[in-house]
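> fold the following for me, if possible:
(chains A and B)
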Amino acid sequence: MTADRRAQTVENPTAVIQELYRAHASSSDLPRLVADHFSKLFLSQSTFASIPPLNVQHPPESHRDRALVRFRAMVQDTSLSTEMYLGEHNDGSCGGWGMYASDDSGSSGAGDVDYANLQECNVVWATTVPAESSWCRDELDGGNSGVVQSPSVPTASSRAHKYPHPEREHFGVQVKIYNRENIESYKASDVVTFVGILSSEPCGLDQTQEDVADAPTLHVLFTKPHTPNNLPRPFPRVVRQSHGGAITSVTAEPSPREAEDTPQIREELMSWIADEALGGDCQAAEWVLLSCISKVQARTPLLLPSPLVVSRFPLPPPVPSTSPSAAAPLPTLSAVLNLLLPLSHSLPLSLDSLNKSNFTPESKDEDLHAGVLQLPQGTVLLVSEGGVREGQLHERGLMNIYALQQVMDTQTLTYVFPFSQFSFPTDITCVILADGRKSTFFRTVLNVPLRAPTDPAAIAALYKPADEVRVPSREKLDAFRDLVVGARCGKVDVPEKTSEHIQTQFVRARQSDRSVTADDLIRWMAVAKLYALSLHEPSLSVETWQRAKAFDDQRKALVTV
Amino acid sequence: MSLPVVTIDLTTPPDRIKQFLSQFASKDLVDGMADIGLQDGDDVLPRPKTLKYMQQLQRIANREQEMLVIDLEDISEHERTVAELVSRIRRNARRYISLFSEVIDSIMPLPTRDISEHDDVIDIILHQRREHNNNAEAGQQLIPEHLLRRYNLYFQPLRSDIAMVVRDVKGAHLGRLITVRGIVTRVSEVKPLLRVNAYTCDSCGSETFQDITRKDFQPIFDCQNEDGCKKNGIHGTLHMQTRACRFTPFQEVKIQEMADQVPVGHIPRSMTIHVHGSLTRQMNPGDIVHLGGIFLPIPYTGYQAIRAGLLTDTFLEANHIHQLKKQYREMELTPNVMREIDTLSTDPELYSKLAQSIAPEIYGHLDVKKALLLLLVGGVTKALGDGLKIRGDLNICLMGDPGVAKSQLLKYISKVAPRGVYTTGRGSSGVGLTAAVMRDPVTDEMVLEGGALVLADNGICCIDEFDKMEESDRTAIHEVMEQQTISISKAGISTTLNARTSILAAANPLYGRYNPKISPVENINLPAALLSRFDLLFLILDKPTREDDEQLAMHVTHVHMHNTHPALDFEVLDPTLIRHYIARARQHRPTVPAEVSEYVVNSYVRLRKEAKDEDAQKKSHTYTSARTLLGVLRLSQALARLRFADSVMQADVNEALRLMEVSKKSLADDDEEGHDHDRSDVSKIFRLIKEMAKQAQVGRKGRRARGARRFGRGPGGERDMDVDEDEEEADAEELSMIDIRSRVLTAGFTEAQLMETVLEYEGLDVWTRVANNTKLRFIETD
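Have a look, this model is predicted:
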């Protein structure tokens, strides 16, 4: 396995498959051989990075036909029916991976197809990862080095209904998977990197139409699954050796020293969030930070992230009606979260968007249309209610609100199919910005009122555009991201001693105050664990528990004021 | 992995088929359908066996039948094996359809009925063609055999064939006869599909036939007559003759996997079904079907074929349609489960074991769980001769503080019950619960859509947040709970639907939390007419006690420490086993023997007397009426059913009475201390203020028309019970402290007493002081 071999593979993957086919003519499981061969060839991080990426900056059109690409994608629809292909053509050549018989033998029609050579491949529809932040993409796809910056042509508009946020730049690809081991493991909204040969083929989706349009098609050689955060970061945090941006691999570090400045970085991070996006309210910033690192821990029993409401969040300053951009500005928090998290999405609610858009995926004519909430696992969703005006909420709007509430309560999203509905597990943490003293639409456990100045200038600062955010130095930003993403990857133990302390404390609290219930205990536990995570403490100490509880009590006091 | 290839020796099958068709005789009576009417009464005589298929062929020849179904069961019976012909048919069904057709053509009997003017045009043409073939001279072109067929041949799969899931149908099944289960999602129009295209020649008049086997075809233009046009080199004289062509009805149907077939977290797959001939128009969207058919690939055509040589789409050519509708809900009893039920039924601790296994993750509440178990089993419904019916279904109401796992209990029950529906009082209107008249989008006819209560017919309807329900909707439930029917008269439809359902309701006390300061009746906040319809009513309170709190804290911290539930200290029965056990128990109809009934009567008399005494002391919160007696009987019957017994024992009655007692006690528990408080000055002041709030609301009659209307309507007796609901509706009701003070002081209370009341109830979150303590606002409960 030399570097040349790799270069040659990148250059002409088709030839490599044919070579493999000739070498293992008798093998009954060529797809598996191919997958093994290619995944071995590109095993290490650096060699894997040498495969050209397929992403919004490098759309399908920018690659030549039958090029080897890697495509990090969200599986959007797995309901496409499987496809039959000829594993061996009449002239004895290899079939599959988009290799078809040459024209002269093909024209003889399907009559003389040797049915014994028929094989099956699975087809799924995959899109670029929704809600993925640009820094995450750069890190995984090897930076902006290419600087092709192709003028983003809105090519994908023809199948925009297959992407959750059609207004964003995106494209969808028909992915054909030949290696059928673990084929059932691909589920809707999973993030997977597909490595394969890119070409263009008739789309399996529009079977109902008369003339079938072509769609970009990826013939998969091998795949790499992703963790829920897309990016691996060590927990607890380690000292960075270089400032290269991408941490290559956790184990590759010679001796990862545990970073000692975590509490200090945490303070800096909080004050940065507070200053840039929350009008200087450090407490709200801390709650936002805790929400950002919460995720689904277990489904039986349910240990789910609690949605957070930042209440008393001022309405956006009125946009002059003459302004060309009629849409209300996004809160700056959206940009800040985007800088910190690999996956985050802003959902500004307005009556119009509620009544017109579809939050849940829905199958129409055997084609699964994406919904706004079809987001990959580990997304942080920022819902801002500021855009809602007085008016009528229609049935669809109600269903949309219900769907989002269901995501918050049970972390399941209902996909609508004719005559039936199916619940799919999600992992979406919600942060809601509400103008009133609680959210207008949603029922939440955590509520923290924002204490920020309310003069027009300060309000404008809460809604300043993304390019006005003071971005900290590169090292600092990397440290912030290590802290947040690392905490998302981490896990906290509750030692026996702390557990006993908590139990006695709860019993005492119950004795003195009747209104304390089990729900309070559950909330305290959840908050304490998040608090420990944000400090990168692998086990929950009594002190952290006390601090977290005091922290929650403070919040409660603020709410009742 | 390549697909299996089977090489078949095709020399013998036609003979075998011939032998089967001509000799197979059906044994049962039903198959000789035509004879049934004629053979009345003389069933005792050994009937001559009927040749099932030859008879049908005769009917086909006589143009009386179109559909010929070859039942694979018959072949296997005839051959006494499923290995030979049957398995070949299943592996290569399409080929065998043509083989069978050829054999049938060769043995088709002559029609016994002459062609007449009553027959279809097509039959006359067929007849003429047949004549043509018979009179044809050697060398002359014969009309293809299949143009003369006027039957559709289908295979009916073996009864033992297991219905597959769409996602399990793999490439290996190509060409095979398989059975698939699914729900029909889309049905196309029925279109004619061209099978044989006929042309006539302009110059020589001869007919030319073209076989169509694919979706697209190239019409021919040149006459194929060897003796005429072809010899003379005449081109382009052919005309298509629609009348002489053979068409078959064709329909494309989509089926989709059903909820129980899809692995968790996956998207259901769908499959294209092609339906031909007599099977068309048999499926509608929403039907649940078993489809037997041949799984086939469609080669790409046109542009795609140039690109590919690829075969993409696959479809199922339907051969047999079996509509399932309700039957699929019936549970399959495996011998394994049967054995487990048998061992379980002899278990002495059966009753508590079953009860503990209900929602095992919920700690404690054993008596409530026992009651729920009996709810699942139910009593015996008795239909009296004069059309009256005494319900056997139990109704239970759970009332209690928030966070005592009422909803989890309800959800568990709705899942275990064979027809359980879970709904919330807030989320459902009266129409949603009962029924609605809708226009069917497909057929455009008016249809009755059943609501939750109708859907739960013969099952259990779990209604959460019962207290938050609109008063008008609750009345719909009155009828269901006693009469077990729903009457509708709207949009020109007046009907009574069955709703033989048990109701399991959960409700919060007034103001969300149980208020020990007021009487249980006030806390419960449901009208007496409704309360008496519940056989059992449990009050589950969240009272802080040291042991319970420790237990609770331990549980919560354990969950957070290990991300799992702590291990339970008792054996939990599998929900499916419970379901089967209950299904079996429900088959029994225990009766009440004379000595037990006497015991019941005595107990009832005693209960009535006690109730009278309590009434006299003004301590009663429940009503002992004839309904109580029926309730005791129902509970005892359910208990007997659990034992798989056919008669009620005295022990059953005792247990039923104990449950009644427990349910009553749960209400009276707080009563001891509550009663004293109830008469305290604090409570009196509280009632006074409440009265004021109500009046304030009436004052806003104009703006809040609904609240006012309700106030005016309630008959005095009933209003004592539900009067408080008005406050609950009215959000942010504010009263001036000055008004309150003057009113309270004039009533003879002191300032200190007033403040005590205000603080006391503020602590309970009933109201709060606003506007610098000058106003009192009732806190809305949501």
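
> check contacts around whatever residue of the stretch 51-200 of chain B ends up closest to chain A.
Residue of the stretch 51-200 of chain B nearest chain A, by C-beta to the nearest C-beta: residue B:171 (3.8 Å). Every residue, glycine included, has its C-beta placed from N, CA and C. Taking C-beta atoms under 8 Å, 6 or more residues apart in numbering or on different chains, we find residue B:171 in contact with A:82, A:84, A:118, A:119, A:120, B:3.

> ok, residue B:740 next?
Contacts of residue B:740 by C-beta under 8 Å, 6+ apart are B:689, B:692, B:754, B:776.

> what about it, which helix or strand?
helix B:737-746 (DSSP states H and E).

> that helix - what's its average pLDDT?
Mean pLDDT, computed over helix B:737-746, is 79.

> up against chain B, what does the stretch 451-561 of chain A have?
Residues of the stretch 451-561 of chain A lying near chain B by C-beta under 8 Å from any C-beta of the partner chain: A:493-494, A:499, A:502-503, A:506-507, A:510-511, A:514-515, A:517-519, A:521-522, A:525-526, A:529.

> switch to 10 Å and redo it
Residues of the stretch 451-561 of chain A lying close to chain B (C-beta under 10 Å from any C-beta of the partner chain) are A:491-496, A:498-522, A:524-526, A:528-529, A:540, A:560.

> give me the helices and strands touching the following helix or strand past the helix holding residue B:740, please.
Reading on from helix B:737-746 to the C-terminus, the next helix or strand found by DSSP H and E is helix B:751-763. Using 3 or more C-beta pairs under 10 Å, 6 or more residues apart in numbering or on different chains; DSSP states H and E as the contact test, the elements touching helix B:751-763 are helix B:681-699, helix B:737-746, strand B:767-770, strand B:775-778.

> out of the ones you listed, flag the one nearest residue A:13.
For the helices and strands packed on helix B:751-763, distance to residue A:13 was read as C-beta to C-beta. The smallest value, 70.7 Å, belongs to strand B:767-770.

> buried sites along the closest one?
When burial is assessed from 16 or more other C-beta atoms under 10 Å in any protein chain shown, strand B:767-770 yields the following buried residues: residue B:767.

> in its sheet, what does that strand sit against?
Next to strand B:767-770 in the sheet, as set by DSSP bridges, lie strand B:775-778 (antiparallel).

> which residues in the stretch 1-150 of chain A form strands?
A:67-77, A:83-86, A:118-128 (DSSP state E, counting those that start in this stretch).

> mind putting the ones you listed into a markdown table with distance to residue B:212, mean neighbour count and mean pLDDT?
Converted to a markdown table, the strands of the stretch 1-150 of chain A look like this (distance: least, C-beta to C-beta, whole Å; neighbours: other C-beta atoms under 10 Å in any protein chain shown; pLDDT from 0 to 100):
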| stretch | distance to residue B:212 | mean neighbour count | mean pLDDT |
| --- | --- | --- | --- |
| strand A:67-77 | 35 | 24 | 90 |
| strand A:83-86 | 23 | 23 | 78 |
| strand A:118-128 | 24 | 22 | 86 |
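
> turn these into a markdown table, including distance to chain B.
Compiled in a markdown table, the strands of the stretch 1-150 of chain A are given as follows (distance: least, C-beta to the nearest C-beta, whole Å):
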| stretch | distance to chain B |
| --- | --- |
| strand A:67-77 | 7 |
| strand A:83-86 | 4 |
| strand A:118-128 | 4 |
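
> tell me which of those lies nearest to residue A:309.
The minimum distance between residue A:309 and these falls on strand A:67-77, with 27.8 Å, by C-beta to C-beta.

> which secondary structure elements does the closest one sit against?
Applying 3+ C-beta pairs under 10 Å, 6+ apart, one finds that strand A:67-77 contacts helix A:3-11, helix A:13-23, strand A:118-128, helix A:134-140, strand A:172-177, strand A:191-202, strand A:214-225, strand A:367-369.

> comparing the ones you listed, which comes out most buried?
Mean neighbours per residue, mean count of other C-beta atoms under 10 Å in any protein chain shown, is largest over those for strand A:172-177, with a mean of 26.

> that strand close to chain B?
No: Strand A:172-177 is not in contact with chain B by C-beta under 10 Å from any C-beta; minimum separation 10.6 Å.

> quick one: that strand to chain centroid distance?
Distance of strand A:172-177 from its chain centroid, counting by C-alpha atoms, centre = their mean, to the nearest Å, is 19 Å.

> which bits of the stretch 551-700 of chain B sit near chain A?
Neighbours of chain A within the stretch 551-700 of chain B, by C-beta under 10 Å from any C-beta: B:551-565.

> what's the lowest-pLDDT member of these?
Ranked by pLDDT, those bottom out at residue B:565, which has 69.

> just checking, residue A:456 touches residue A:317?
Yes: Residue A:456 is within contact range of residue A:317, at 6.5 Å (criterion: C-beta atoms under 10 Å).

> neighbour count for these two, which is higher?
Neighbours per residue, other C-beta atoms under 10 Å in any protein chain shown: of residue A:456 and residue A:317, the larger number sits with residue A:317, 14 against 10.

> all helices for the stretch 351-500 of chain A, in order.
Secondary structure of the stretch 351-500 of chain A by DSSP state H, counting those that start in this stretch: the helices cover A:351-356, A:395-410, A:456-462, A:474-489, A:496-512.

> looking at those, which one is packed in the most?
The stretch of these with the highest mean neighbour count (mean count of other C-beta under 10 Å) is helix A:474-489, at a mean of 21.

> how far does that helix sit from its chain's centre?
For helix A:474-489, the distance to the chain centre is 17 Å (C-alpha atoms, centre = their mean).

> and if you look at stretch A:119-131?
16 Å.

> residues from the stretch 301-450 of chain A in reach of chain B?
Looking at chain B, the residues of the stretch 301-450 of chain A close enough under C-beta under 10 Å from any C-beta are A:301-303, A:361, A:363, A:365-366, A:368, A:402, A:412, A:415, A:417-425, A:443.

> let me know the pLDDT of the nearest residue to residue B:257 once chain neighbours are set aside.
Distances taken as C-beta to C-beta, 6 or more residues apart in numbering or on different chains put residue B:268 closest to residue B:257, at 4.0 Å, once the chain neighbours are dropped. In this model, residue B:268 is scored at 84, pLDDT.

> you'd agree residue B:268 is up against residue A:416?
No: using C-beta under 10 Å as the test, residue B:268 is too far from residue A:416 to be in contact (11.3 Å).
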